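1. Generate coordinates for the sequence data below:
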Amino acid sequence: MKALTKIFIVIFFIACICYYFDINVKEIITQLIENKEVSSIINPDSNESEADNSSVTFPENNEEVPAIKEGGAYDEIINFIINQKKERSLIESYRVVDDAIGGALKGRSYATDNAIAAITLINHGTEEANNGALSILEGLSSIQNSDGSWYDFYDTAGKVMKVNGEDYISTDTGNNSLILYAYSYYTIKNKDERFLDAMKKSADYILKKTDNISQGLYDTIVGEDGTRTMRTNVYGYFALRDYALCNINTNYDEYREKLFASYNIMDWIISNCYDNGVFIKGYSGKEKLSGLNLDSQLLGAMTVLSLNQSDKISYEAAQLIEALDKLNKDIGATEGYRIDDSEGNGGYIWGQGTSKASIALLKFNEAERAGGILKNIEEFQNTVSTSLLPRGVPHSSNLDNKIDIVNLESVSSSCWAALAFQCSMDEGINNMFFGDEEYVFSRMR
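-> Reported below is the predicted structural model:
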């Protein structure tokens, strides 16, 4: 009797999965018998195999993409990232050469920089890079708080830093979500479940930041006066979605709970943050955060593409390009994008955001525009003195050089730049990184 019960449970589970993903079981069996591709059945609207899941046209050789060659900008950026990690437990977020310029940032390690560095190094794939990524994730898991959270930054040994004489123990839901996403990315890419316990604690912590009425995530303070931003909710959506998929073979209840939570977040984004062709930054209490924000446009665009939500929202590449054109900035030979359209942020190019723009455009099959940004990134890197080899990408480029931080080489800017190069050359990375749910699910088979 127990055996029959187990068989029934397994059949029921398979039926649920087939129903949810609209899988035609009869046709799959038939094609298996005929030795045909199964991937085209799982995605009946596609005429391509899993390896050709993206509509992006990729170059046939490395010569067509700038800096992807031995000794080029990409290699140098990767080496910069690896050097910022080396024997440290956590990565050092900035290279501070002169304490008079950015000295307060010396030895500081932002949690999100560790997350995006781990993903970048996983994608790079060399033994040294893989070891660096694993070391980062192990370092983060060793300092996770009992409630599942991480603080915004630490020193490179993983210890709490002091700011103005006080321990800095602030947490941010978006930052924690990007860390969970990095763990999920590693788990799916390597089929290694060693971090699942830490990941569950993180996912449970993130869900506690949910607005029970709207289902959106609060950045920090939960309540009617709290702030809910696109950044936090997009990172939360991808983190919980991919974490859920990590549990599909081992814990169906956890998979179901976190997947539905990610869908609720995605619905909040589409219902509340899309206004007249652009994505707003979010809300402070009930008040909309006004202004055109670069990160919100890019992350919102990638969210729409990830589930092909054409039935819920109409958003095209032209709308993204229009927003980017409004934020375009030239400083000498360097071209890129401002962080937003506010007067205070009008004087500099934001490195991280400029690289993100290349990734988003590539996902919209705007490969030529994306490639142009890669060339701009290389020019941006060239603003760093050649005496500092290997060079990273600056945090930003400032017109009047009044802000010390802008000229510092940044792990965040460097990682997003490396990811832009990786997405341009590797179809699998482009599909998986902030990618299509169906493709990510296929990696779990």
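
2. Report all helices and strands that the top helix by length along the chain contacts.
-> Longest helix in the chain by number of residues (criterion: DSSP state H): helix 252-272. If you count contacts as 3 or more Cβ pairs under 8 Å, 6 or more residues apart in numbering; DSSP states H and E, helix 252-272 packs onto helix 196-207, helix 230-246, helix 294-307. (Each C-beta comes from the backbone N, C-alpha and C, glycine too.)

3. try it again with 10 Å
-> With contacts taken as 3 or more Cβ pairs under 10 Å, 6 or more residues apart in numbering; DSSP states H and E, helix 252-272 sits against helix 2-20, helix 196-207, strand 227-229, helix 230-246, strand 282-284, helix 294-307, helix 437-442.

4. Buried deepest among the ones you listed, which one?
-> Mean neighbour count (mean count of other Cβ atoms under 10 Å) peaks for helix 230-246 among the helices and strands packed on helix 252-272, with a mean of 27.

5. From the chain's centroid, how far away is it?
-> 9 Å (Cα atoms, centre = their mean, to the nearest Å).

6. now do stretch 415-422
-> Chain-centre distance of stretch 415-422: 11 Å, with Cα atoms, centre = their mean.

7. for residue 356, what are its contacts?
-> By Cβ atoms under 10 Å, 6 or more residues apart in numbering, the contact set of residue 356 is 294-295, 297-299, 301-302, 337, 350, 373, 416-417, 419-420, 434.

8. Just the CA trace of stretch 98-105, in CSV.
-> The C-alpha trace of stretch 98-105 is given here as CSV (Å, rounded to 0.1, in the frame of the first residue of the first chain):
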residue,chain,number,x,y,z
ASP,A,98,45.9,57.2,-2.6
ASP,A,99,44.2,57.5,0.8
ALA,A,100,43.4,61.1,0.1
ILE,A,101,41.1,59.9,-2.7
GLY,A,102,38.4,57.5,-1.4
GLY,A,103,40.4,56.5,1.6
ALA,A,104,37.2,55.8,3.6
LEU,A,105,36.5,53.0,1.1
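
9. and the longest helix of the chain, average pLDDT?
-> The average pLDDT within helix 252-272 is 95.

10. one step back: take the helices and strands packed on helix 252-272 and lay them out in CSV including mean pLDDT and distance to residue 395.
-> Shown next, in CSV, are these (pLDDT from 0 to 100; distance: least, Cβ to Cβ, whole Å):
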stretch, mean pLDDT, distance to residue 395
helix 2-20, 48, 42
helix 196-207, 98, 27
strand 227-229, 95, 20
helix 230-246, 97, 17
strand 282-284, 94, 23
helix 294-307, 92, 14
helix 437-442, 90, 30
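
11. Next, count neighbours for residue 154.
-> Other residues lying near residue 154 total 23 when counted by other Cβ atoms under 10 Å.

12. can you list the weak-confidence ranges in the stretch 301-445 of the chain?
-> Where the stretch 301-445 of the chain drops to pLDDT under 70, the residues are 308-311, 333, 345-347, 398-406.

13. what are the ranges of the strands in it?
-> 328-331, 334-337, 348-350, 393-394, 396-398, 409-410 (DSSP state E, counting those that start in this stretch).

14. what's the most buried one of these?
-> Neighbour counts (mean count of other Cβ under 10 Å) averaged over each of the strands of the stretch 301-445 of the chain peak at strand 393-394, with a mean of 28.

15. bridging residues for residue 227?
-> Assessed by DSSP bridges, residue 227 has beta-bridge partners residue 284.

16. That one and residue 102, how far apart?
-> 27 Å (Cβ to Cβ, to the nearest Å).

17. what does residue 343 give?
-> Distance, residue 343 to residue 102, using Cβ to Cβ: 24 Å.

18. how about the strands of the stretch 301-445 of the chain in a markdown table, adding distance to residue 117?
-> Formatted as a markdown table, the strands of the stretch 301-445 of the chain follow (distance: least, Cβ to Cβ, whole Å):
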| stretch | distance to residue 117 |
| --- | --- |
| strand 328-331 | 26 |
| strand 334-337 | 21 |
| strand 348-350 | 18 |
| strand 393-394 | 13 |
| strand 396-398 | 19 |
| strand 409-410 | 11 |
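
19. what's the closest of those strands to residue 218?
-> Closest approach to residue 218 among these is made by strand 348-350 (24.8 Å; Cβ to Cβ).

20. what are the ranges of the helices in the stretch 101-250 of the chain?
-> Along the stretch 101-250 of the chain, the segments classed as helices by DSSP state H, counting those that start in this stretch run 111-124, 127-142, 173-190, 196-207, 230-246.

21. related to what we said a few turns ago, now render the helices and strands packed on helix 252-272 as CSV, adding distance to residue 216.
-> Formatted as CSV, the helices and strands packed on helix 252-272 follow (distance: least, Cβ to Cβ, whole Å):
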stretch, distance to residue 216
helix 2-20, 24
helix 196-207, 12
strand 227-229, 5
helix 230-246, 6
strand 282-284, 8
helix 294-307, 13
helix 437-442, 20
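
22. Got the phi and psi for the closest residue to residue 322 other than its chain neighbours?
-> Among residues not flanking residue 322 along the chain, residue 277 sits closest, at 7.5 Å (Cβ to Cβ, 6 or more residues apart in numbering). Dihedral angles of residue 277 (phi, psi; degrees, to the nearest 10) stand at phi 90, psi -10.
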